[in-house]
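Novice: Quick one, structure for this:
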Amino acid sequence: MLDRWWARINLNQQAHYLAGLRFARINLFLGVPTIILTAGVGTSAFVSLIEAQPPTWRVVAGLLSILATVLASLQTFLSLPQRVANHRNTSAEFGSIRRALEELQTKLETNSLDVAQADEEMNKIKEQIDKAEASSPDVPNAVWERAYDEVKIGKSFMEQESPARKGLSESAPS
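Specialist: Prediction:
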């Protein structure tokens, strides 16, 4: 059971890490052009006040202004920086749980715990897993696929643990 928990937590940690990277790239993809366009439009508006510009220049400046507004609106609507932070925090949370599982595994292998202590630690870890899965943001299917590939866990291995896997199956591809 600990092996399955570890594999599931490792997969979740990797998926949220990759999702954070993905949303950070999208944020840059939208943010850099937005900054460039708004700076260009602002400069062109200032120049057009000083000098008379040809009509095509005014049309291009108007179109760039609309594009900059759309990109800025998309950034706001998608709340990408918040999504990046949420996925990074969730990845860190799953990393902490993974380390707790590894510590428990070591204690079990060295007979450092009796049965009651092992059960208590497993219950604590299970509560942490349940809490992390309940509060974790959705991961896009393409990111789940990449996470499966990167951690080298077959989907069939993950699907073997059906009742305890409920939180993962709701957001992971089948």
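
Novice: Give me the longest helix you can find in this protein.
Specialist: helix 2-50 (DSSP state H).

Novice: Neighbours of residue 72, how many?
Specialist: 16 (other C-beta atoms under 10 Å). (C-beta placed from N, C-alpha, C; glycine too.)

Novice: meant to ask about residue 16, not that
Specialist: For residue 16, the tally of surrounding residues (other C-beta under 10 Å) stands at 26.

Novice: repeat for residue 42
Specialist: Neighbour count for residue 42, taken as other C-beta under 10 Å: 13.

Novice: That one and residue 70: what is the separation?
Specialist: As judged by C-beta to C-beta, to the nearest Å, residue 42 and residue 70 stand 16 Å apart.

Novice: follow-up on the earlier one: helix or strand next in line after the longest helix of the chain, which one?
Specialist: Next along the chain after helix 2-50, taking DSSP states H and E as the criterion, comes helix 55-78.

Novice: Residue 102 - nearest residue in space that isn't next to it in sequence?
Specialist: Sequence neighbours aside, residue 6 is the residue nearest to residue 102 in space, at 7.2 Å (criterion: C-beta to C-beta, 6 or more residues apart in numbering).

Novice: Please consider this matter closed, and thank you.
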